[in-house]
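Visitor: quick check, what structure comes out for this input:
(2 chains)
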Amino acid sequence: MQRFKARFGASIIEATLDRKQAIILVAAAQWLEISKYCRDEEKFDYLADLTAVDWPKREKRFDLVANLYSFPKNERLRLKAHLGENETARTLIPVWPVANWLEREIFDMFGIRFDGHPDLRRMLLPEEWVGYPLRKDYDILTQDQAWVKENLGIESGQ
Amino acid sequence: MDPTRHNSTTEIETTVLGADEIILNMGPQHPSTHGVLRVKLKLDGERVAASECIIGYLHRGVEKIAEHRSYQQFAPYVDRMDYVAAVSNGLGYCEAVEKLLGAEAPPRARVVRTILTELQRIASHLVWLGTHALDIGALTPLFYCFREREEILKIFEKYCGARLTTHAFRIGGLQYETYDGFEEEAKRFCDDFAHRIDEYETLLTENRIWLGRTKGVGILSAEDAIALAVSGPVLRASGVKWDIRKAAPYAAYAQYKFEIPVGKTGDTYDRYIVRMEEMRQSRLICLQAIENIPTGAIMARIGKVLKPPPGEVYHAIEAPKGELGYYIVSDGTTQPYRVRVRPPSFINLQAFDKMARGSLVADVVAIIGTIDIVLGEVDR
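Guide: Numbers count the residues shown, from 1 in each chain, chains lettered A, B, ... in the order given. Modelled structure (predicted):
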């Protein structure tokens, strides 16, 4: 932890333990640099998972969450960064190529953009899908009513 | 271009095709794709020049559903992801929520969970072996594999009433005691299974056609495997000796002795050998566990209404397909604020392109089979 602080100073916002799992909250601007440092210096060579959480009431609504694993150390570490609604993050593909599909899925579900991603398209949903389902304010009902009206010509009654 | 829209021009479509090149669609309705996987291949003669997986046909929004269910209500949903290994999904979810609550299942529950999960691993590998061999042209193993799998499903059915989507475990332990004769039946299966694996191996391991179709096909180096974060047998076949059951033991695995089989070259044949050996090891774990099932409670005292304190947890288990992780965020209410599933099939499938490039189009079927995907889990 001290090594992180010494290297990145104010970009390391907070380091906590939750249920004995280490979490480091970093500044989104340094997302790529800190990831690279984790892989090269701290030996976290395995990006187990990359995902996001939506907190719509917060000033910066998204948490970007990377779960890392280190084969040499047999340790796990969670990196987090806060992102605002229209902010983008740097892609992690140069650090961990697995990030390609994971970032596409985040884009698909949360609408977060990744700078430098070569192929940022929806991963699971069809291309004409409207909105980002895993956002907390995602409104399926309005869409459903519109669909029923357009395609069936009746009020959906929901 | 409107960036919010799905952009359908891909690497495959934007590049100009050479004189010998064609684009071939495989799936989503093709028996060898093991579900509704669609693969777009750019072929140069008979070689694969580029490939793209198109997925999502089975997307049901599992992670969104979780946000509108209580912790217990969501448990049966996880069975529907990797539906040939529902018990493993349930174990991962229950243990993740237990970790979030700061609770632990009693020793008896943990041992019974281990037995059922290992039986499930064997069942899952049997489905893989049967269908994979069928894809490559060996018809017989399918019947043998499903014969043995049936025995395992019968044990599940007797234990909890369901064969496929079992919902065998509950948060905090087990709902049901084991039935009379559970130990004997599980033991009889394991005793019998030793020579069954030998039987499969006599059909395949030294079969010249099998060797020709799997040796050197779909090679994935250890370096690429780690960079693409593949896990489970696919990772181990590339020579990385890593199994979460050993690296971070959960359930009752710390008590048992077993080996982690690894491959050398990371080709389809190695993945076959690794999975065969894993079934043997699972059998040994089961036998050790059946020897000594502790007595006592099967359910921890956690109360009926679960309100985990605010916070988050990531818990990973070694599912038959690889690292199955649950990242759960609690806001202190009865419903999870966010459930993220780290699906091993989805992430392993990303390595398909790496394995398929340069191979023959006939080998694509072998490569899809060897990754061992379940589309329910890929698409969630």
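Visitor: surely B:F156 forms part of a helix?
Guide: Yes - remark: B:F156 belongs to a helix, assigned using DSSP: H, G, I helix; E, B strand; the rest coil.
Visitor: for burial, what's the neighbour tally of it?
Guide: A total of 20 residues lie near B:F156 under the criterion other Cβ atoms under 10 Å in any protein chain shown. All C-beta spots, glycine's among them, are computed from the backbone N, C-alpha and C.
Visitor: quick one: it and B:A168 touch, right?
Guide: Yes - when contacts are counted by Cβ atoms under 8 Å, B:F156 is listed as touching B:A168 (6.9 Å).
Visitor: and for these two, which residues touch both?
Guide: B:87, B:116 (Cβ atoms under 8 Å, 6 or more residues apart in numbering or on different chains).
Visitor: please name the spatially closest residue to B:Q72 (chain neighbours excluded).
Guide: Spatially, and ignoring its direct neighbours in sequence, B:Q72 is nearest to B:I171 (6.1 Å; Cβ to Cβ, 6 or more residues apart in numbering or on different chains).
Visitor: next up, the contacts around that neighbour.
Guide: Per Cβ under 8 Å, 6+ apart, neighbours of B:I171: B:71-72, B:75, B:94, B:97-98, B:101, B:302, B:306.
Visitor: of all these, which comes closest to B:L203?
Guide: B:C94 (37.2 Å; Cβ to Cβ).
Visitor: gap between the closest one and B:I65?
Guide: Counting by Cβ to Cβ, to the nearest Å, the gap from B:C94 to B:I65 is 17 Å.
Visitor: again, but for B:Y71
Guide: 13 Å.
Visitor: more neighbours: which of these two?
Guide: B:Y71 (25 against 15).
Visitor: so that one makes contact with B:L306?
Guide: Yes - using Cβ under 8 Å, B:Y71 and B:L306 qualify as a contacting pair, with a distance of 4.6 Å.
Visitor: what sits in contact with each of the two?
Guide: In contact with both B:Y71 and B:L306: B:97, B:171, B:334, using Cβ under 8 Å, 6+ apart.
Visitor: how about TSV for those residues, with secondary structure and pLDDT added?
Guide: TSV is the format used below for the shared contacts of B:Y71 and B:L306 (DSSP: H, G, I helix; E, B strand; the rest coil; pLDDT from 0 to 100):
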residue	secondary structure	pLDDT
B:V97	helix	92
B:I171	coil	90
B:T334	coil	90
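Visitor: SS state for the residue nearest to B:I136 when sequence neighbours are not counted?
Guide: Distance criterion Cβ to Cβ, 6+ apart; nearest residue to B:I136, sequence neighbours excluded, is B:R213 at 4.9 Å. Following three-state DSSP, B:R213 is assigned to helix.
Visitor: quick one: B:R213 from B:Y269, how far?
Guide: From B:R213 to B:Y269 the distance is 9 Å (Cβ to Cβ).
Visitor: what does B:G296 give?
Guide: Taken as Cβ to Cβ, the span from B:G296 to B:Y269 is 45 Å.
Visitor: neighbour count: those two, which is higher?
Guide: Per other Cβ under 10 Å, whichever of B:G296 and B:Y269 has more neighbours is B:Y269, with 23 against 9.
Visitor: am I right that the more buried one is in a helix?
Guide: Yes - counting by three-state DSSP, B:Y269 falls inside a helix.
Visitor: now do the same contact list for the residue lying closest to it once chain neighbours are set aside.
Guide: Nearest residue to B:Y269 in three dimensions, chain neighbours excluded: B:T214, at 4.0 Å (Cβ to Cβ, 6+ apart). For B:T214, the contact set (Cβ under 8 Å, 6+ apart) comprises B:136, B:267-269, B:272, B:366, B:370.
Visitor: which of the residues you listed has the largest number of neighbours?
Guide: B:T370 (30 neighbours).
Visitor: what backbone torsions are found at the one residue in chain A that gets nearest to chain B?
Guide: Closest contact between chain A and chain B, by Cβ to the nearest Cβ, is at A:E127 (2.5 Å). Phi and psi for A:E127, reported as degrees, to the nearest 10, are phi -60, psi -30.
Visitor: wait, it sits on A:R121?
Guide: Yes - using Cβ under 8 Å, A:E127 is in contact with A:R121, at 7.4 Å.
Visitor: re earlier: closest to B:Q350 among the shared contacts of B:Y71 and B:L306?
Guide: Using Cβ to Cβ, those come closest to B:Q350 at B:V97, 27.9 Å.
Visitor: now the residue of the stretch 101-250 of chain B found nearest chain A: closest residue in space that isn't a chain neighbour?
Guide: Using Cβ to the nearest Cβ, the point where the stretch 101-250 of chain B gets nearest to chain A is B:A229, with a distance of 3.8 Å. Spatial nearest neighbour of B:A229, chain neighbours left out: A:V98 (3.8 Å); criterion: Cβ to Cβ, 6+ apart.
Visitor: over to B:N89?
Guide: B:V78 (4.4 Å).
Visitor: the one you found touches B:L91, doesn't it?
Guide: No - when contacts are counted by Cβ under 8 Å, B:V78 is not listed as touching B:L91 (9.6 Å).
Visitor: give me the low-pLDDT residue ranges for the chain?
Guide: In the absence of a named chain, chain A is used. A:1, A:158 (pLDDT under 70).
Visitor: could you do chain B instead?
Guide: Using pLDDT under 70, the flagged stretches of chain B are B:1-15, B:33.
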